[in-house]
Every structure is written in structure tokens, then in C-alpha cells.
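S.K.: coords below, sequence missing:
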């Protein structure tokens, strides 16, 4: 499928700076190593987690979605449509100059998303924005246009058709360590945690509100009293988290649990 996409000569629905060949390269990387998806300088933790799950579990469907998005400017995930610019506030990400945004991001010393990830995650983000939020045009500086709710994330995970059930057990207030300890991922279960980024990366500013999604990759152990350890996937790789009960119960806001 990717080779046919690479060889096709049809024009895409995106700005000419979004190279078909580089998108094809990116899709190859996503299929071969979906755990390398990295949100870079963008607040794309929700989109990153969603596409990590989808490319890991159904790379054919995810790749077909991406190629259709390139050609048409929109594509479906199950019965749900991803279409940036649906509120018609003006230009949307499809008209944005990828090369200019890349230059600006790198000039600030930040990591730019590769073309394929920028296209699929940017379109997904914009589709989830409300009329009041407006269109996301592709730059990490658009902080007010970033973020996907847990309820929307759960709905998209259901739309993939991969799971018999998707339960949204996230809450506005922090959850207990006991709730987290009861979660165990396996071949038939994906678990997305809603947390503060500070929990997995101490240099991040500690906030009283949830602002980051990660994928739980192990059970939670307590090797010594009040010393909890577990693995998560985020920012393009697995990390081991070590936290106290107080850390968890101030920075863990529940989970989205997907069962095959």
C-alpha cells in the first residue's frame, strides 16, 4: 500500500510543501516502529497515544486512513470522519506551509514532527476542536488549539473497531493509587493514563490539572513501602516511573481502558 502511494502521481489536498515521498517514508516508519511516534514540540500527547495504539494493532487500516487523508484532505476512522477546517474559520492545517513551520520550530531548538505524523495528528487535533476553539493550523505555538478530551479519545478508540469495550474512567479530581494498581495491560487490553506530565518527567511544571496522556506498559508494583514503579509509553519510547502514593494521588486522573 505504501509503495503504491509513493508511486502515485495524483495531487494531494495539502500544501505543496508536504512531500508525498516524505509522507511515505514516515508511514513506513510508523508501520515498522509505531513506538517511535514522538509529539515533539507539539501538545499532541492524546493524538500520539491514539495513533500509537492504532498503528500497533491495525497498521493496514491506519495506513489506509493516512493515504486517504493525504489525497482527499479528510478520511474516516470507522464511521467517524476526520476533517480539518470543518468550522471554516479561515485557513486550516491543509493550507499551511510545512517547511516554514519546520524552520520556525527548529530555529527555537525544538523537535519538529515528521510530515506523516504532522499530517495525521494535526488533522485529528483540528477535528476534535470545538467551534469556539477554532481551526488548528499546524504550529506548536497554537497552544489554545491543542488538547483532546478523554471522552473524545475514548470515542475515537471505539471507532477503530478494535475493541469490544472502551471504558472512560478518567475523573476531574485525582484518583487513588489503588485504582492505578488495579490496571494491568496485556495483549488484549490497552490502557491510557491521564496524568500530569510532571509525574513522568520531573522538569515539567507541576500542575493541579491533568495535561498528559501516556500508555501503561506494565503492571504497577510496590517493591518497597510507598515506592510504586511502572512502565509507560510516551514521547517516542518507554519510561519507568517511580512515584510515591502522594505523587500518584495528586497527579493521576484515571484511565481509558480498552478491551479486545
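M.R.: That came through, no problem. All of these numbers come straight from a predicted model, not from anything done at the bench.

S.K.: residue contacts, residue 176?
M.R.: The neighbourhood of residue 176, defined by CB atoms under 8 Å, 6 or more residues apart in numbering, consists of 248-249. C-beta here means a position set from N, CA and C on the backbone, and glycine is covered the same way.

S.K.: now do the end-to-end distance for stretch 69-85.
M.R.: Using CA to CA, to the nearest Å, one end of stretch 69-85 lies 13 Å from the other.

S.K.: packing partners of the helix or strand harbouring residue 256?
M.R.: Using DSSP states H and E, residue 256 falls within strand 252-259. Counting contacts by 3 or more CB pairs under 8 Å, 6 or more residues apart in numbering; DSSP states H and E, strand 252-259 is packed against helix 150-159, strand 165-168, helix 177-181, strand 189-195.

S.K.: make TSV out of those and add mean neighbour count.
M.R.: Shown next, in TSV, are the helices and strands packed on strand 252-259 (neighbours: other CB atoms under 10 Å):
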stretch	mean neighbour count
helix 150-159	19
strand 165-168	16
helix 177-181	17
strand 189-195	24
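
S.K.: ok, which of these comes nearest residue 56?
M.R.: Comparison of the helices and strands packed on strand 252-259 against residue 56 by CB to CB identifies strand 189-195 as nearest, at 8.5 Å.

S.K.: JSON lines for the helices and strands packed on strand 252-259, including distance to residue 47 and mean pLDDT?
M.R.: Converted to JSON lines, these look like this (distance: least, CB to CB, whole Å; pLDDT from 0 to 100):
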{"stretch": "helix 150-159", "distance to residue 47": "9", "mean pLDDT": "97"}
{"stretch": "strand 165-168", "distance to residue 47": "17", "mean pLDDT": "98"}
{"stretch": "helix 177-181", "distance to residue 47": "23", "mean pLDDT": "97"}
{"stretch": "strand 189-195", "distance to residue 47": "12", "mean pLDDT": "98"}
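
S.K.: partner strands of the strand holding residue 256, parallel or antiparallel?
M.R.: Strand pairing for strand 252-259, using DSSP bridges, gives strand 165-168 (antiparallel), strand 189-195 (antiparallel).

S.K.: run through the residues that contact the nearest residue to residue 256 once chain neighbours are set aside.
M.R.: The shortest distance from residue 256 to any non-neighbouring residue, by CB to CB, 6 or more residues apart in numbering, is to residue 192 (4.3 Å). The contact partners of residue 192, taken as CB under 8 Å, 6+ apart, are 49, 53, 153, 213-216, 255-256, 258.
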